[in-house]
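Q: Structure, please.
(chains A and B)
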Amino acid sequence: MSFLTIENLSAHVGPSPILRDVSLSVEAGEVRGLVGESGAGKSMIGKAVLGTLPLAVQVTSGRILLDGEDLLAMRPRDRRRVIGAKAALIPQDPLTALNPSRRVGPQITNRLVDILGWTRQDAQMRALELLHEVSIPEPERVMRAYPHELSGGMRQRILIASAFAAEPRLIIADEPTTALDVTVQKQILKLIRQMQQRHGTALLFVTHDLGVVSKVCQSLTVLFGGLVLEDTRVEPFFAHPSHPYSAALLAATPKYTDPDASLTPVPDAVIEGVQAEIAAHDRMQPHV
Amino acid sequence: MTLLRRILLRLLTMAITLIGVAIIVFFVIRVVPGNPIAMMLPPGAGEEDIARLKALYGLDKTIPEQFVIWLNGVLHGDFGTSITSRQPVLKLVLSRLPATLELSIMALVIAVILGGTLALTGTRRRGTRTEGTIDIVNGMALSVPDFLWGLVFILLFGVLWPVFHISGRVSPALDLPFVTNFYLFESVLRLRFDIWADLVSHMFMPALALAIPLAAIISQLLKQSLKETMHLDYVTLSRTKGYGENHVITHEALPNAVLPTLTLIGVQFTFLIGGTVIIERLFSYEGLGNMAIDAVINRDLPLIQGIVILFALIFTVVNLVVDLTYAALNPRLRNG
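A: Numbering: from 1, shown residues only, chains lettered A, B, ... in the order given. Prediction:
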């Protein structure tokens, strides 16, 4: 059974839909890529799962099952506890995801102590162990440091350690390398992959980078305008993408083997085709 | 720059500020029309009497000469003698200072509690009718100055529905066992809660009048910066950890959002102290402000100087305290 199942999730901002009947699932221990251009709604799916949708976004239908429990049907308080215990987020921008006025240590251990009821000593031990695992030198010193005293790469390592702290069964990584230096990106990607394998955590990897997907993921979901265009395993996708948009997206990905080649944009005809598909989908909907 | 160096630098600028204030006040009150000698003598006093009195108070010398004499005294702890009461200015001023400090601090505490509560409630209920109501209340509180609030309170809670004392600092019938003039503080130390209650009953209305405009400013700015902070990534991350809205606001957003408000409170608190002058008059509260007005009416030059210097000293100390608190709360400034 899959650990995370999203069934027919629709969401609106005012009258305009941002998620259209999205269904996807992440098996226990699986890495699924969630791919799309900016504005495709990929981050919104992560936010919907973690309960951090902006106030303006209204979920109009659908179910989100985490470990068999329907998150949208729960009381907010219970939902927060379930998410806090079973899921975690690796955020996009390590420079803004740590609270500038608090030391690093408590920001890793607070979930363990406050939400999961660990003792402070146990949480401290666990944090040190994890910081060691993500190859942070002098973990004791780093625990006492303030975020501004650490580099971006260090901070992302800390956030990764923090995400794995409570041994969640699902981690949502929201473009975790986008804000980083290209040289650091590769290391962080490798680290996330290593940690995921070692801990057997399911990972929903939100990204716009198909190159990353091919390296990290086993399956992927392609999204455009809040509509799922393709849901498949990685190998067949890269061999024969079934949707024209997927094919165009693949063709648009820069090749590291040929850095001088000019970039291929997604052809207008393909975009128009997808937009027609979205319009057709919307016509099928009862008016809300 | 180390903390010590920062403090030393600030102390130096404070000293320069105080000297500047002293010079300006000293010259201005001697240049404006009206002089203390005329107020002291009966009508028709002879030239000779006037000259003798002038010499007695040193007013026969030139203004720069008077300033040098006065400054020399100040450096030796002598702020001169009040012309009206013939007592040392320093003693008079220090006897009134505690009353004004207690009133200002009580007003500040009320403003912070009131403004903080409104800001936190408004953030917790953002986007709802409660937030709208808070905005309207803020607007109203801001558009009425403190002395008008004072008048309104005197009418409402002193005359129509007399639940508070509206005149003086303490009921004259009470026998005060105090050795300092910090009545409120000392009454707590001596566990005399009967006197404490009487003091609070006198102070509450003027303190509230002073507090309301400041509370509105605090509420408005703090709510604004809280709302901005609530969108930041570390707040979102803390939500995904399982924390509820209240914890997220008080533990993640507030420590960062409070910084700009703190600076503002510092600046506004000095305005509040300035406001005590009128408010103390309105409520016949025996503080520095009330004394200042009497001193100006009587052209009591040494007393005016003493009070103004003291106010200037309070202002600069408040600013210093705010800067240091800001540095203490913001880790990025600590070793910067």
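Q: Contact residues of the stretch 1-150 of chain B facing chain A?
A: B:126-127 (Cβ under 8 Å from any Cβ of the partner chain). Bear in mind the C-beta positions are built from the backbone N, C-alpha and C, glycine included.
Q: How is the residue of the stretch 1-150 of chain B found nearest chain A classified with respect to secondary structure?
A: Proximity of the stretch 1-150 of chain B to chain A (Cβ to the nearest Cβ) peaks at B:Gly127, 5.8 Å away. Secondary structure for B:Gly127, judged by DSSP: H, G, I helix; E, B strand; the rest coil, is coil.
Q: ok, residue 282 - contacts?
A: Picking chain A for this. A:17, A:20 (Cβ atoms under 8 Å, 6 or more residues apart in numbering or on different chains).
Q: Correction: the question concerned chain B.
A: Contacts of B:Leu282 (Cβ under 8 Å, 6+ apart): B:147, B:150-151, B:154, B:206, B:209.
Q: how about these, which pair is most distant?
A: B:Leu151 and B:Pro206 (11.3 Å; Cβ to Cβ).
Q: So B:Met205 lies in a strand, does it not?
A: No: B:Met205 is assigned helix when assessed by three-state DSSP, not a strand.
Q: and stretch B:297-317, how far from the chain's centre?
A: 13 Å (Cα atoms, centre = their mean, to the nearest Å).
Q: ignore the last one, stretch A:245-254
A: 21 Å.
Q: So what touches that stretch?
A: A:35, A:209-211, A:222, A:224, A:229-230, A:237-238, A:241, A:261, A:263-267, A:270-271, A:273-274.
Q: So if I had to pick from B:Leu151 and B:Pro206, which one is more boxed in?
A: B:Pro206 (31 against 12; other Cβ atoms under 10 Å in any protein chain shown).
Q: For that one, give me its contacts.
A: B:103, B:107, B:150, B:276, B:279-280, B:282-283, B:285.
Q: Over to A:Thr52?
A: B:236, B:239-240.
Q: Kindly report the residues of the stretch 101-250 of chain A close to chain B.
A: The stretch 101-250 of chain A has residues A:101-102, A:107, A:110-111, A:114-115, A:146, A:148, A:159 near chain B, with proximity defined as Cβ under 8 Å from any Cβ.
Q: Which ones among these map onto helices?
A: Within these, residues falling in helices by DSSP state H are A:107, A:110, A:159.
Q: Closest one of those residues to chain B?
A: A:Asn110 (7.0 Å).
Q: Enumerate every residue touching the closest residue in space to the closest one that isn't next to it in sequence.
A: Nearest non-adjacent residue to A:Asn110, counting by Cβ to Cβ, 6 or more residues apart in numbering or on different chains: B:Lys241, 7.0 Å away. Applying Cβ under 8 Å, 6+ apart, one finds that B:Lys241 lies in contact with A:84, A:88, A:110-111, A:115.
Q: Return the backbone torsion pair for B:Leu191.
A: Dihedral angles of B:Leu191 (phi, psi; degrees, to the nearest 10) stand at phi 60, psi 30.
Q: Just give the number of residues close to it.
A: 8.
Q: Equivalent analysis for B:Val321, please.
A: 12.
Q: I'd assumed it was in a strand, is it?
A: No: per three-state DSSP, B:Val321 lies outside any strand segment and is helix.
Q: Quickly find the element holding the nearest residue to it once chain neighbours are set aside.
A: Once flanking residues are discounted, B:Val321 sits nearest to B:Gly266: 7.5 Å by Cβ to Cβ, 6+ apart. Assessed by DSSP states H and E, B:Gly266 sits inside helix B:254-282.
Q: Buried residues, that helix. List them.
A: B:254-259, B:261-262, B:264-266, B:268-270, B:272-273, B:275-282 (16 or more other Cβ atoms under 10 Å in any protein chain shown).
Q: quick one on the thing from earlier: can you tell me which of the contacts of B:Leu282 lies nearest to B:Arg299?
A: For these, with B:Arg299 as the reference and Cβ to Cβ as the criterion, the closest is B:Phe147, at 24.1 Å.
Q: now the contacts of B:Pro206 as a markdown table including pLDDT?
A: What follows is these, written out as a markdown table (pLDDT from 0 to 100):
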| residue | pLDDT |
| --- | --- |
| B:Leu103 | 96 |
| B:Ala107 | 97 |
| B:Gly150 | 95 |
| B:Thr276 | 94 |
| B:Ile279 | 96 |
| B:Glu280 | 96 |
| B:Leu282 | 95 |
| B:Phe283 | 96 |
| B:Tyr285 | 95 |
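Q: possible to save the contacts of B:Lys241 as a markdown table with neighbour count and distance to B:Arg30?
A: What follows is the contacts of B:Lys241, written out as a markdown table (neighbours: other Cβ atoms under 10 Å in any protein chain shown; distance: Cβ to Cβ, whole Å):
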| residue | neighbour count | distance to B:Arg30 |
| --- | --- | --- |
| A:Gly84 | 23 | 71 |
| A:Ala88 | 27 | 72 |
| A:Asn110 | 22 | 63 |
| A:Arg111 | 25 | 68 |
| A:Ile115 | 18 | 69 |
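Q: mind putting those residues in JSON lines, pLDDT included?
A: Below are the contacts of B:Lys241 laid out as JSON lines (pLDDT from 0 to 100):
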{"residue": "A:Gly84", "pLDDT": "93"}
{"residue": "A:Ala88", "pLDDT": "96"}
{"residue": "A:Asn110", "pLDDT": "94"}
{"residue": "A:Arg111", "pLDDT": "94"}
{"residue": "A:Ile115", "pLDDT": "91"}
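Q: Between all of these, which two are separated the most?
A: Across the contacts of B:Lys241, no pair lies farther apart than A:Ala88 and A:Asn110, at 12.9 Å, counting by Cβ to Cβ.
Q: how about the helices of the stretch 101-250 of chain B, start to end?
A: B:129-143, B:146-153, B:183-189, B:193-229, B:233-240, B:245-247 (DSSP state H, counting those that start in this stretch).
Q: quick one: A:Thr5 is in a strand?
A: Yes: membership of A:Thr5 in a strand is supported by three-state DSSP.
Q: who does it bridge with?
A: With DSSP bridges applied, A:Thr5 shows beta-bridge pairing to A:Ser25, A:Leu65.
Q: That one contacts A:Leu65, correct?
A: Yes: using Cβ atoms under 8 Å, A:Thr5 makes contact with A:Leu65 at a distance of 4.3 Å.
Q: give me the number of residues near residue 230?
A: The chain I'm using is chain A. The burial count for A:Glu230: 18, using other Cβ under 10 Å.
Q: oops, I was thinking of chain B
A: B:Met230 has 19 nearby residues by other Cβ under 10 Å.
Q: That one reaches B:Ala253, doesn't it?
A: Yes: judged on Cβ under 8 Å, B:Met230 makes contact with B:Ala253 at a distance of 5.5 Å.
Q: Overlap of the contact sets of those two?
A: The contact sets of B:Met230 and B:Ala253 overlap at B:Thr123 (Cβ under 8 Å, 6+ apart).
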